[in-house]
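*Asks:* Have a look at this prediction, sequence included:
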Amino acid sequence: MKLSESLKAYKQTSYSKKTEDEKTIMQTATANLIKRHLEDRALKKGDHIPPFELPDSTGKIVSMRKLLCDGPVIISFYRGAWCPYCNLELAAYQELLPEIKKRGGQLIAISPEKPDLSLDLKQQKALEFLVLTDKNNHIAKLFGIVFKLEAPLLALYKKVGIDLEASQGNSLNELPLPATYVVAPSGEIILSYINSDYTERLEPMDAVLALEKI
């Protein structure tokens, strides 16, 4: 099953369990975010990514520059382990990890969650690729994909047990747009996908096939 089909199925099931008020809050927040056109200001194909270093789920510092010395990298920015859409996406990438390696590529996932939560996610989902912590969304901001949650949506998140302050270790109430980048060893972005609708994601195989163009 394609990721798009899995996401659509989950969305239908999830929305059927929500109240009309909850649906309105979520749909309004997404619509307002789309109107901001953050994608237009984000790094995209043809741009070069900034050099950066981030800790992995064990606290070890990972250098993007060093990773690129070993070949192209697929970067997946995700919102957090609490996001079922992100979990479906990461699981789909895990299934394709052999295909990524076959093409000489590497895969990293980045979120603003604390390393201990990233470690829990990595272990629970049996992820065999690097999961990095972007404290305060510092790197995501350099990519131009960060936004602040609207108060009604933030309240709804807290109501259902999603505590961003606890998971990120700050009170900024910010998230990255889910985004996928395929980066050549030179640092040039050869594929980018950013969508303000977090229920929509790039098909992972599209990122894998982009590796063949490098």
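*Replies:* Happy to help now that I have it.
*Asks:* I110 touches D134, doesn't it?
*Replies:* Yes - assessed by Cβ atoms under 8 Å, I110 is found in contact with D134 at 5.1 Å. The way it works is simple: take the backbone N, C-alpha and C, and place the C-beta from them, glycine included.
*Asks:* tell me, what's touching the two both at once?
*Replies:* Contact criterion Cβ atoms under 8 Å, 6 or more residues apart in numbering; residues shared by I110 and D134: 54, 77, 140, 176.
*Asks:* What count of nearby residues applies to the second one?
*Replies:* The reference is to F77. Taking other Cβ atoms under 10 Å as the criterion, the count of residues near F77 is 26.
*Asks:* how about the helices in the chain?
*Replies:* Ranges of helices in the chain, per DSSP state H, are 3-16, 20-35, 38-41, 64-69, 84-95, 97-102, 115-124, 138-143, 151-159, 164-168, 204-210.
*Asks:* buried residues in the shortest one?
*Replies:* For helix 38-41, burial by neighbour count (16 or more other Cβ atoms under 10 Å) applies to 38-39.
*Asks:* what sits up against that helix?
*Replies:* Residues contacting helix 38-41 (Cβ under 8 Å, 6+ apart): 144-145, 147, 177, 194-196.
*Asks:* With neighbour count and distance to K44 as extra columns, can I get the residues you listed in TSV?
*Replies:* TSV is the format used below for these (neighbours: other Cβ atoms under 10 Å; distance: Cβ to Cβ, whole Å):
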residue	neighbour count	distance to K44
G144	18	9
I145	24	11
F147	18	17
L177	22	12
I194	22	8
N195	17	12
S196	19	14
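*Asks:* farthest-separated two in those residues?
*Replies:* Within the contacts of helix 38-41, two members stand farthest from each other by Cβ to Cβ: G144 and N195, at 13.7 Å.
*Asks:* how about the nearest residue to the residue nearest to the spatial centre of the chain, chain neighbours excluded?
*Replies:* Nearest to the geometric centre of the chain sits Y78, at 1.9 Å (Cα atoms, centre = their mean). Nearest residue to Y78, sequence neighbours excluded (Cβ to Cβ, 6 or more residues apart in numbering): C86, at 3.9 Å.
*Asks:* the bottom helix or strand of this protein by mean pLDDT?
*Replies:* helix 115-124 (a mean of 83; mean pLDDT, DSSP states H and E).
*Asks:* Send me it as PDB with only the CA atoms.
*Replies:* C-alpha atoms of helix 115-124 as PDB (Å, rounded to 0.1, in the frame of the first residue of the first chain):
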ATOM      1  CA  PRO A 115      16.500  12.800  22.500                       C
ATOM      2  CA  ASP A 116      14.900  10.500  25.000                       C
ATOM      3  CA  LEU A 117      11.600  10.600  23.100                       C
ATOM      4  CA  SER A 118      13.500  10.100  19.800                       C
ATOM      5  CA  LEU A 119      15.100   7.000  21.400                       C
ATOM      6  CA  ASP A 120      11.700   5.700  22.400                       C
ATOM      7  CA  LEU A 121      10.400   6.200  18.900                       C
ATOM      8  CA  LYS A 122      13.400   4.600  17.300                       C
ATOM      9  CA  GLN A 123      13.100   1.500  19.600                       C
ATOM     10  CA  GLN A 124       9.300   1.200  19.400                       C
END
